[in-house]
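Undergrad: Test case, fold it:
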Amino acid sequence: MRALPLFRYGLLLVLLGVPALARDVDEKLTIRTLKYQDHPSQEPSSIFVAGQVVTALRFEKEVDTAKTKFLAWEGRFEAPLIGGKKVVLEPLRDLGDGEALPLLVTLVDGTEFTFLVRPKSRQDWGWIDYQVNVFKDPDSYNAVLSGLYDSLKREHKLNEENERLKQEENSIDHAYATLLANGQVKKTPFRRRLVYRPKNQDMDMVVEVFEGPGKAAALVTLKNTHYGEPWKFDGAYLTRDFTHYTLRPFALRMDRSSIVEGETGRIAVVVDKRAFQTDDGQLSDLALQIFRGDGLLQVYVRMEHTLIRK
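TA: Residues are numbered from 1 along each chain as shown. All right, here's what the predicted structure looks like:
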């Protein structure tokens, strides 16, 4: 991917309206069990997809290819692959917010399933379906076994998340980020290198970049002036070249993840010297990207390795 032009300053801000940069979705891919409930008042189950990511629906019996219909897929998806016990979907691009394409799957025994194929939710709980195991009988052996596997995977992820949170509580970088987010800069070892105040019709933004002994930091202050709805934090990424392959670790703290009109929120990031180091031990500049709830890039911060003080 082609890098953005470099500047001598510690950061560069790109404002609202910039298309979202490509983000790796490995951590979002999900294999799940769907126990289908056939009831007149039951809404069709949702299948969440993403551009150029294959989603497979797996059923207990063979699929009737002649009676399986995916409406309005032309121009949005590759031709659906239907055969055996599977239906495979591959979007050409991300679906737009609010798009929902009907999918009717009929098995050889006449059983019908109705789904709505949607884009991944932007909420924190959102995911992309990599494989969906669909069961008509929730009490069948395979349905119970698949549900058990799902539960074990969720438990494993929760244990990993709890362990990560425990480590963060003891991390000096997260402690510094908490102080910055709470406006207690004087209690940290950082010195302010640059303050940048961009102009925007929806958000008042102030970005501060800090240098420190063996570390660097950035503090983004956002005030929702006329955004019209709560501003929501979607994610932050630190890389050398805007790709998944050069993701670097950092500490992040915020005083709120949602900012309603008239409110102000802060996002603080602390980066250790080791994140700036390349494989040969040299120091390299980094790019910090902060995304808002609708997937667009809110802030791009150029973090120069010269922010590291000895």
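Undergrad: What are the boundaries of the helices in this protein?
TA: 141-169, 172-181, 273-276 (DSSP state H).
Undergrad: Going by mean pLDDT, which of these comes out lowest?
TA: Lowest mean pLDDT of the helices of the chain: helix 141-169, a mean of 59.
Undergrad: In contact with residue 45, which residues?
TA: Remark: with contacts taken as C-beta atoms under 8 Å, 6 or more residues apart in numbering, residue 45 is in contact with 34, 36, 113, 114, 115, 116. Where you see a C-beta, it was placed from the backbone N, CA and C, and this is true even at glycine.
Undergrad: Return the set of residues that bridge with it.
TA: In this entry, residue 45 is beta-bridged to residue 115, by DSSP bridges.
Undergrad: ok, now residue 233?
TA: Counting by DSSP bridges, residue 233 forms beta bridges with residue 292.
Undergrad: for residue 129, same thing?
TA: In this entry, residue 129 is beta-bridged to residue 30, by DSSP bridges.
Undergrad: for the stretch 101-250 of the chain, what are the low-confidence residue spans?
TA: Under the criterion of pLDDT under 70, the regions of the stretch 101-250 of the chain flagged as low confidence span 121-126, 137-170.
Undergrad: rerun that using 80 as the cut-off
TA: Using pLDDT under 80 as the threshold, the predicted model of the stretch 101-250 of the chain has low-confidence ranges 121-126, 136-170, 198-202, 226-228, 242-245.
Undergrad: Let me see the contact set for the residue located most distally from the centre of the chain.
TA: For the chain, the C-alpha lying farthest from the average C-alpha position belongs to residue 109; by C-alpha atoms, centre = their mean, that distance is 39.4 Å. For residue 109, the contacting residues are residue 61, by C-beta under 8 Å, 6+ apart.
Undergrad: Name the residues of stretch 91-106 that are buried.
TA: Across stretch 91-106, burial judged by 16 or more other C-beta atoms under 10 Å covers 91, 94, 95, 101, 103, 105, 106.
Undergrad: quick revisit: what's the distance between the residue farthest from the centre of the chain and residue 239?
TA: When C-beta to C-beta, to the nearest Å is applied, the distance between residue 109 and residue 239 equals 50 Å.
Undergrad: Same check on residue 53?
TA: The gap separating residue 53 from residue 239 is 20 Å, by C-beta to C-beta.
Undergrad: do residue 173 as well
TA: As for residue 173, its distance to residue 239 is 18 Å (criterion: C-beta to C-beta).
Undergrad: Residue 52: how many residues sit nearby?
TA: One way to gauge burial is a neighbour count; for residue 52, by other C-beta atoms under 10 Å, it gives 12.
Undergrad: sorry, back to before: top of the contacts of residue 45 by number of neighbours, please.
TA: For the contacts of residue 45, the largest neighbour count, defined by other C-beta under 10 Å, is 23 neighbours, found at residue 115.
Undergrad: Could you double-check that that residue sits in contact with residue 89?
TA: No - at 9.9 Å, residue 115 does not count as touching residue 89 under the criterion of C-beta atoms under 8 Å.
Undergrad: so what sits against both of those two?
TA: 47, 57, 103.
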